[in-house]
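In: with the sequence up front, the predicted model follows.
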Amino acid sequence: MKILNLYACLGGNRYKWNEVKEDIEVTAVELDIELARLYQERFPNDRVVVGDAHEYLLNHYKEYDFIWSSPPCPTHSRIQLSMQNNREMAYPDMKLYQEIIFLKTFFKGKYVVENVIPYYDTLIPAQKRGRHLFWSNFIIPHYEERDVVIRDYQIPQLENHHKIDLSKYKGKQDKRKIGRNLVDYEAGKTIFETMLGIIKKEDIKQTELF
């Protein structure tokens, strides 16, 4: 199975995929060269591309069986409301919705687009699970919210929670923000298991037709 992991960061969503299925080929795309380096250390068998995930999706989507995309969330977050008088405002980044529409229309495999619950009315219906929204062509399972207090965590707690070492990061992003934005790995595992189960059922059904 060929998998595309977009805006990969440190691979929170991807951490336990090999516990579910060993024979997977994962391509991870991350713009931050330092995060890409640490992702490669964490997942040495994955192919890591340093570049624009949005453009990579457009140019390579046909090469994959499953695509997970977690576009940047700050311009959609409800924090925008609480911070509106203290910083320069920004338009919501519509790349999120561009990818949802594109995948829904043109991609033949299974996909997941993940983001925060926005401060505005969601423009395309989504599946709410915990503190996240998911757009997908399969039902996202309900999972235990292991990260319900993560917004209160400091760096040592985030490192323990996600099994990461942020001291190795030498880039410009805020380390606490990096840790807070990671998808909980148990959620990633549950969603991945569900996707594989659906594909298996579809394969069996297709076989029975012939």
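Out: Now that the structure is in, tell me what you want to look at. Keep in mind that what you see is a predicted model, and the values were worked out from it rather than measured.
In: OK, contacts around the residue positioned nearest the centre of the chain?
Out: Geometric centre of the chain, nearest residue: residue 70, 3.6 Å, by Cα atoms, centre = their mean. Residue 70 makes contact with 6, 7, 9, 13, 113, 114, 115, 183, according to Cβ atoms under 8 Å, 6 or more residues apart in numbering. Yep, even glycine has a C-beta here, placed from its N, CA and C like the rest.
In: what's the farthest-apart pair in the residues you listed?
Out: Spanning the widest gap among the contacts of residue 70 are 9 and 113, at 15.0 Å by Cβ to Cβ.
In: now do the helices in this structure.
Out: 17-20, 33-42, 53-60, 79-82, 95-106, 155-162, 175-181, 185-209 (DSSP state H).
In: average pLDDT for the second one?
Out: The one in question is helix 33-42. Averaging pLDDT along helix 33-42 yields 97.
In: packing partners for that helix?
Out: strand 25-30, strand 47-50 (3 or more Cβ pairs under 8 Å, 6 or more residues apart in numbering; DSSP states H and E).
In: to residue 98, which of the ones you listed lies closest?
Out: Relative to residue 98, the nearest member of the helices and strands packed on helix 33-42 by Cβ to Cβ is strand 25-30, separated by 15.7 Å.
In: CA atoms only for that closest one, dumped as PDB, please.
Out: The C-alpha trace of strand 25-30 is given here as PDB (Å, rounded to 0.1, in the frame of the first residue of the first chain):
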ATOM      1  CA  GLU A  25       5.200   2.600   1.600                       C
ATOM      2  CA  VAL A  26       4.900   6.100   3.100                       C
ATOM      3  CA  THR A  27       5.900   9.300   1.400                       C
ATOM      4  CA  ALA A  28       5.900  12.300   3.900                       C
ATOM      5  CA  VAL A  29       5.900  15.900   2.700                       C
ATOM      6  CA  GLU A  30       7.000  18.600   5.100                       C
END
